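Chemist: what follows is a predicted protein model with its sequence.
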Amino acid sequence: MEMGPALRSLLPCIDEPSYKATWASSYLVAVVCGHFAYISSISNSGTLVRMVSWAGMEKYGDFTLPIFFLYLSILVMLVMQWKIGA
């Protein structure tokens, strides 16, 4: 099934090599329908993080979000230490 023309109406699809790295990979994008809620917070490095759940279940994110920030800080430390992506 060819989804190219339909996908271009949802996401920017620019077929120019100089623009290839400006858009995040499409596997990081979720399109959902339903009754969802989220909680969000900003990490020490300034990254906005949102935890999405079904409406009424966002209270469980109060446990999950701090643990994610711990993993995020460890990941940032390792990236800086090993100079990944430089």
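Modeler: Okay, I see it.
Chemist: what's the burial count for the closest residue to Glu58 other than its chain neighbours?
Modeler: Residue nearest to Glu58 in three dimensions, not counting chain neighbours: Ala37, with 4.6 Å by CB to CB, 6 or more residues apart in numbering. Placement of C-beta: from N, CA and C, glycine included. Ala37 has 14 neighbouring residues, counting by other CB atoms under 10 Å.
Chemist: what about Ala37, distance to Leu78?
Modeler: 32 Å (CB to CB, to the nearest Å).
Chemist: the residue nearest to Glu58: what secondary structure?
Modeler: When classified by DSSP: H, G, I helix; E, B strand; the rest coil, Ala37 comes out as strand.
Chemist: and the one 4 residues further on, by the same measure?
Modeler: Three-state assignment for Ser41 (three-state DSSP): strand.
Chemist: check what pLDDT it gets.
Modeler: Note for Ser41: predicted pLDDT of 88.
Chemist: that one reaches Thr64, doesn't it?
Modeler: No. In this structure, Ser41 is not within contact of Thr64 by CB atoms under 8 Å, at 11.0 Å.
Chemist: so the closest residue to Phe68 other than its chain neighbours is in which element?
Modeler: Distance criterion CB to CB, 6+ apart; nearest residue to Phe68, sequence neighbours excluded, is Val49 at 6.4 Å. According to DSSP states H and E, Val49 maps onto strand 48-54.
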